[in-house]
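> predicted model and sequence follow; I will ask about them next.
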Amino acid sequence: MKQIHLSAAHWDTPRAAHEALKQALSFPDYYGHNLDALHDCLAEIRDVKLVIEDGGHPAQAMPDKWPGFMTVFFLAVQENAGLDIQVISGQSDY
């Protein structure tokens, strides 16, 4: 399984998070930068473990938006056996 490590230390907006995920996971150019598009793209990934470090930062920077990302990550892992996502907050793991 390929491991991809990302730092979320600068994910201050949903756009920043979407763009970082798009680049790291090689999403297509037409990626929609929204949670539905994120879910769709994560469903297509195979044999990837995504480790997101500094996950506490976006939780503080965008407390009304980050839970949606976490829900998409959870659902994608439940639905896609070829995907593993670990979010490390720096204080505890999600």
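Okay, I see it. Numbers count the residues shown, from 1 in each chain.
> after the helix or strand bottoming out on mean pLDDT in the chain, which helix or strand is next? Please name it.
Lowest by mean pLDDT, DSSP states H and E among the helices and strands of the chain is helix 56-61, with a mean of 94. If you walk from helix 56-61 toward the C-terminus, the next helix or strand you reach (DSSP states H and E) is helix 66-79.
> just checking, what packs against that following helix?
Contacts of helix 66-79 with other secondary structure elements, assessed using 3 or more Cβ pairs under 8 Å, 6 or more residues apart in numbering; DSSP states H and E, are made with helix 35-44, helix 56-61, strand 83-87. The way it works is simple: take the backbone N, C-alpha and C, and place the C-beta from them, glycine included.
> on that earlier part again, mind listing what's buried along the least confident helix or strand of the chain?
56-59, 61 (16 or more other Cβ atoms under 10 Å).
> same question, stretch 34-54
Within stretch 34-54, the residues that count as buried by 16+ other Cβ under 10 Å are 35, 37-39, 41-42, 45, 48, 50, 52-54.
> nearest to A76, of the residues you listed?
L42 (3.7 Å; Cβ to Cβ).
> what sits against that closest one?
Under the criterion of Cβ atoms under 8 Å, 6 or more residues apart in numbering, the contact partners of L42 comprise 25, 72-73, 76, 80, 83, 85.
> and the residues you listed, which is closest to H10?
Comparing these against H10 with Cβ to Cβ picks out L25 as the nearest, at 17.1 Å.
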